[in-house]
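Asks: structure of the sequence below:
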Amino acid sequence: MTPMKSLRRVAVYCGSADGNHPAFLAEARALGKAVAQAGMGVVYGGANVGLMGAMADAALAAGAEVIGVLPEVLAGREIAHTGLTRLESVATMHQRKARMVALADAFLILPGGYGTLDEMLEIVTWSQLRLHAKPCILINTLGYWDGLLAFLDSTVTAGFLKPENRALLLVASNAEEAMGRVMEQVT
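Replies: Prediction:
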């Protein structure tokens, strides 16, 4: 990957639930604060619940620009965060993902469920296809992603994923380390 000249925003993919351990919410809040302290903004799914809401609130409280991108199908569920710098409404989940990619210079992934996995796998696939050269970093809170990482390693062993493409998904143990890796891209 070629280094970027400057970073403006990170996309954060994460769950709309809190998870069952306080460390998940704590890490989401730490990430929001770390992004703001780095002088960057956040783009995320636009919800006010779960890790998404906690991360956005922490980033806002620390002075970051926070842009939410919410599909119309979710807007009626009263989960839209109304205190953001900007909340964009899009028609579909596909448009949400494309818009987040357009607005972001790096991708950080906290724990989450199917939606988070979908976003993470798509963005890493796009990196593999050379549709972007932006860092993709999993934040492995409490070893949450260990099973997925072991699976991905097995895809290399089985010959379905090249080692250099496996290396496109970086791993950080916490928000501070993840932001350090993002800032390494600034030249």
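Asks: just name the shakiest helix or strand of the chain by mean pLDDT.
Replies: The helix or strand of the chain with the poorest confidence is helix 72-75; it has a mean of 81 (mean pLDDT, DSSP states H and E).
Asks: buried residues in the helix or strand that that helix is followed by?
Replies: Using DSSP states H and E, the next helix or strand after helix 72-75 towards the C-terminus is strand 86-90. Going by neighbour count (16 or more other C-beta atoms under 10 Å), the buried part of strand 86-90 is 87-88, 90. C-beta coordinates here come from the backbone N, C-alpha and C atoms, glycine included.
Asks: Thr155: which of these is nearest?
Replies: For the buried residues of strand 86-90, the minimum distance to Thr155 (C-beta to C-beta) is 31.6 Å, reached by Val90.
Asks: roughly how far apart are that closest one and Val43?
Replies: 12 Å (C-beta to C-beta, to the nearest Å).
Asks: what touches both of these two?
Replies: Jointly contacting Val90 and Val43 under the rule C-beta atoms under 8 Å, 6 or more residues apart in numbering are Val69.
Asks: circling back: other SSEs contacting the least confident helix or strand of the chain?
Replies: Applying 3 or more C-beta pairs under 8 Å, 6 or more residues apart in numbering; DSSP states H and E, we find helix 72-75 packed against strand 86-90.
Asks: what is Tyr138 paired to in the beta sheet?
Replies: Careful, residue 138 is Leu and not Tyr. Taking DSSP bridges as the rule, Leu138 bridges to Ile109, Val171.
Asks: so what's it up against?
Replies: Listed by C-beta under 8 Å, 6+ apart, the contact set of Leu138 reads 109, 120, 145, 148-149, 169-172.
Asks: ok, now which ones touch the residue nearest to Ser16 when sequence neighbours are not counted?
Replies: Counting by C-beta to C-beta, 6 or more residues apart in numbering, Ser16 lies nearest to Gly50, which is 4.2 Å off, once chain neighbours are set aside. Counting by C-beta under 8 Å, 6+ apart, Gly50 makes contact with 14-19.
Asks: quick one: Gly50 and Thr155, what's the gap?
Replies: Gly50 is 29 Å from Thr155, where distance means C-beta to C-beta.
Asks: again, but for Thr85
Replies: 39 Å.
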